[in-house]
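Visitor: Give me coordinates for this.
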Amino acid sequence: MLAGTGIGRCGDLSKDTNELISWLLKDGREMKEIPFPVVLAAVTGRKVIPIEPEADKVLLERLAGVLNKVLADLNDPAREIHRAGRINEASRFIEDQLRQELNRQPGWKCSIPKTNAGEEQRSGYPDLQLELENGDVVFLDPKLHEENSRTSTLRTFYYEPKITTNKVHRDARHMLVAIRHNGKTGADLRLLGWELVDVSRICVKLKAEFQASNNDMYQKENVVAEGGTNP
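Guide: Residues are numbered from 1 along each chain as shown. This is a model prediction of the structure:
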């Protein structure tokens, strides 16, 4: 129980919890420039294989052909992506079209990665698992960004380390599929270009955040007064 509060539903604070909070409050305890492959290896036990431009030349060339076709097809105003109300809704159309085109490549098989529970899950990193003709796996994660936002410092990538929803089960290459757009929606939307980003080169930051949902906050035992009229 938290001393003096009278609130015990959350349970006692353990020594480990107290130590963690004290550690977070100390100056200079921000965790920055952490190699993302180190994070993935710690969570999944799997290795992120770096992209080698020369050794992976054929792979990159085939992916380039697929992405050029995906953008050309989706820029057709008749496609459903141009009826998306918000740009965030366009991501699903890009992911679906990319998966479809990858599956048309001889010897390739693209699917939605399964969690540790054996279920397909579209949310969370990574979005797509591509199996090559030699059995190698490449994880792909499409990302949309507006043409003028390339240098933005707002968070656009996150990874939630959970064992049950882990979707990385193989040592593999990992790439972000960065797709640039003109910032418009509807018939005016244009996908302007793409880049393949080698995830093995990305560094991430850890931001400590304490959070609660409405369900957490508005439990009956938490309410000490209420009012209003019932309809």
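Visitor: Let me see the confidence value for the residue of the chain positioned farthest from its centre.
Guide: Among the residues of the chain, the one whose C-alpha is farthest from the average of all C-alpha positions is Thr229, by CA atoms, centre = their mean at 43.5 Å. Looking at Thr229, its pLDDT stands at 73.
Visitor: isn't there a helix covering it?
Guide: No: the assignment for Thr229 by DSSP: H, G, I helix; E, B strand; the rest coil gives coil, which leaves it out of any helix.
Visitor: what sits against the residue nearest the centre of the chain?
Guide: By CA atoms, centre = their mean, the chain has its centre lying nearest to Tyr125, at 4.1 Å. Listed by CB atoms under 8 Å, 6 or more residues apart in numbering, the contact partners of Tyr125 are 141, 158-159, 167. C-beta coordinates here come from the backbone N, C-alpha and C atoms, glycine included.
Visitor: gap between it and Glu160?
Guide: When distances are taken as CB to CB, to the nearest Å, Tyr125 and Glu160 turn out to be 8 Å apart.
Visitor: And Lys205, by the same measure?
Guide: Noted for Lys205: a distance of 14 Å to Glu160, by CB to CB.
Visitor: ok, Ser200 touching Lys47?
Guide: No: here Ser200 does not reach Lys47: they are 9.3 Å apart, not a contact under CB atoms under 8 Å.
Visitor: These two: which has the busier surroundings?
Guide: Taking Ser200 and Lys47 together and counting by other CB atoms under 10 Å, Ser200 has the greater number of neighbours (17 against 14).
Visitor: ok so, going back, among the contacts of Tyr125, which pair sits farthest apart?
Guide: By the measure CB to CB, the contacts of Tyr125 have their two most distant members at Tyr158 and Lys167, which lie 14.4 Å apart.
Visitor: Show me which of the two is the more surrounded one.
Guide: Neighbours of Tyr158 and Lys167, each counted by other CB under 10 Å, are more numerous for Lys167; the result is 21 against 9.
Visitor: Backbone dihedrals for the nearest residue to that one once chain neighbours are set aside, both of them.
Guide: Leaving aside its chain neighbours, Lys167 sits nearest to Pro113 (3.7 Å; criterion: CB to CB, 6 or more residues apart in numbering). Here the main-chain torsion angles of Pro113 (degrees, to the nearest 10) amount to phi -60, psi 150.
Visitor: residues in contact with Pro113?
Guide: The contact partners of Pro113, taken as CB under 8 Å, 6+ apart, are 120-121, 126-129, 139, 167-169.
Visitor: can I get those residues in CSV with secondary structure?
Guide: What follows is the contacts of Pro113, written out as CSV (three-state DSSP):
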residue, secondary structure
Glu120, strand
Gln121, coil
Pro126, coil
Asp127, coil
Leu128, strand
Gln129, strand
Phe139, strand
Lys167, coil
Val168, coil
His169, coil
